[in-house]
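Enquirer: Following is a predicted model, sequence given first.
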Amino acid sequence: FVVHKQQLPTAISNSEAQEAINIAAETIGVTVDCDEFIHDVKKVTCLLIQEGNKLHFVHRAIQDFFSAQFIRLLQ
């Protein structure tokens, strides 16, 4: 959701991902280890792919779906 809201491209740097994770975590009031979260999303759920120094969502629909879920969580 944060990546979507900030109008970042679907390929983001690790620092952009960490910033988005921190904003989202702060918004819902949880503490997150950004490196562990990124690792889980890349290696466990396989929703992000690392190519060079960029993280890519495996499909735009993944980004849209989880953005909608985040908004639903806020209500």
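Expert: Looks like it came in fine. Residues are numbered from 1 along each chain as shown.
Enquirer: All the strands of this protein, residue numbers only.
Expert: Ranges of strands in the chain, per DSSP state E, are 11-13, 48-51, 54-57.
Enquirer: quick one: low-confidence parts of the protein?
Expert: Applying pLDDT under 70 to the chain flags no residue at all.
Enquirer: hmm, try it at 90
Expert: Applying pLDDT under 90 to the chain flags residues 1-11, 57-64, 66-67, 70-71, 73-75.
Enquirer: Make CSV out of the strands of the chain and add distance to Gln63 and mean neighbour count.
Expert: In this view, the C-beta of every residue, glycine as well, is placed from N, C-alpha and C. Shown next, in CSV, are these (distance: least, CB to CB, whole Å; neighbours: other CB atoms under 10 Å):
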stretch, distance to Gln63, mean neighbour count
strand 11-13, 10, 15
strand 48-51, 10, 13
strand 54-57, 5, 18
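Enquirer: what would the ones you listed look like in a markdown table with distance to Thr31?
Expert: What follows is the strands of the chain, written out as a markdown table (distance: least, CB to CB, whole Å):
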| stretch | distance to Thr31 |
| --- | --- |
| strand 11-13 | 22 |
| strand 48-51 | 21 |
| strand 54-57 | 21 |
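Enquirer: Looking at these, spot the one closest to His4.
Expert: Smallest distance to His4 across the strands of the chain (CB to CB): 10.3 Å, for strand 54-57.
Enquirer: Would you list the strands that that closest one pairs with, along with their directions?
Expert: The strands that strand 54-57 pairs with in its sheet are strand 11-13 (antiparallel), strand 48-51 (antiparallel) (by DSSP bridges).
Enquirer: can you put those strands in JSON lines and add distance to Glu26?
Expert: Shown next, in JSON lines, are the strands paired with strand 54-57 (distance: least, CB to CB, whole Å):
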{"stretch": "strand 11-13", "distance to Glu26": "18"}
{"stretch": "strand 48-51", "distance to Glu26": "21"}
